[in-house]
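In: Give me a 3D structure for the following:
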Amino acid sequence: MGHTQKKFGAFSGVFTPSILTILGVIMYMRLGWVVGQVGLYVAIGIILIAHVISVTTALSISSIATDKKIKSGGIYYMLSRSLGLPMGGAIGLTLFVGTALSIALYIVGFTESFLALDAIRDFLHLEASIDSIRIVGTAVIIFLVILAFISTSLAIKIQFFILAAIALSLVSIFVGLFLNGNSGTAIHYTPIQEHESFAFIFAIFFPAVTGFTAGVAMSGDLKNPKKDIPKGVIMSVVIGLIVYLSLAIGLAYFIDADSLVNDSNILLKIAW
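Out: Down below sits the predicted model:
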């Protein structure tokens, strides 16, 4: 039975859940705001600093994964075996709370974007209100809980469809930027006059780069954790960095600062 449970490789078990979390609600609804607030130069700085932290953490996790026998438990298991149970338990509890809060963040972000489509609201007979977000968000989380209880394998298969949808959405966004943008007539390099503090903006963006922990959490279901975790984690972080830098440059080059700051659904509207 232990053999049948370990059925996922680096791509399906680590990379896919990691990249889906990295390219999530922050990218779609807050990256434009970050670029609009501080301009391209500082936005690139924020992305690079965040990814330096992410890469060093990913390399540390990879080092632990290749050095020890990895079982179920993800980061908690790895830390508790490396730093001891007290430290592993303390960090594991923090990660548990952080994951629970991030789920709420992703669901609210998804629901806001979902209800931003007029056709969806008309079909569901809902308005663009906080109550509608609560209704749809509750339905989404119930569906996800049921899915998680049914089968890990089924959840992974569904993630492949979501990954394809994200890839298509990115293509649509970049094509839309070229077709519908302002053609670089007012490139937004520097911060707006009344912008938020660097620390505040960095705190808003930073959760975007922590998504690789989602793949590490699958450690108990991997065929070869010692190889799969380093490959999947590093690959997801690198691709996430490329996407964020490319998108930040595109937004600064083609979209004016006012639209970036004031419209959280600007990517939805600009997409082709």
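In: so what's the residue nearest to the spatial centre of the chain up against?
Out: With distances taken as C-alpha atoms, centre = their mean, I22 lies nearest the centre of the chain, 2.5 Å away. By C-beta atoms under 8 Å, 6 or more residues apart in numbering, the contact list for I22 reads A208, V209, G211, F212, S236, V237, G240. Backbone N, C-alpha and C define where each C-beta goes, glycine included.
In: Between all of these, which two are separated the most?
Out: Farthest apart among these by C-beta to C-beta are A208 and S236. That separation is 12.1 Å.
In: Which one of these two is surrounded by more residues?
Out: Between A208 and S236, S236 has the larger neighbour count (other C-beta atoms under 10 Å), namely 28 against 23.
In: The more buried one against S18, yeah?
Out: Yes - with contact defined as C-beta atoms under 8 Å, S236 reaches S18; the gap is 3.7 Å.
In: Report the set of residues contacting both of the two.
Out: G211, F212, G215.
In: Going by neighbour count, which of those residues comes out on top?
Out: Greatest neighbour count in the shared contacts of S236 and S18, by other C-beta under 10 Å, goes to G215: 32 neighbours.
In: distance of it from N182?
Out: 38 Å (C-beta to C-beta, to the nearest Å).
In: again with I91
Out: For I91, the distance to N182 equals 46 Å [C-beta to C-beta].
In: before we move on, what about P191?
Out: 19 Å.
In: for A203, same thing?
Out: 30 Å.
In: Could you do F8 as well?
Out: Separation of F8 from N182 (C-beta to C-beta) stands at 44 Å.
In: more crowded one of the two?
Out: F8 (22 against 14).
In: residue contacts, the more buried one?
Out: If you count contacts by C-beta under 8 Å, 6+ apart, F8 has them with V14, I156, M218, D221, L222, K223, D228.
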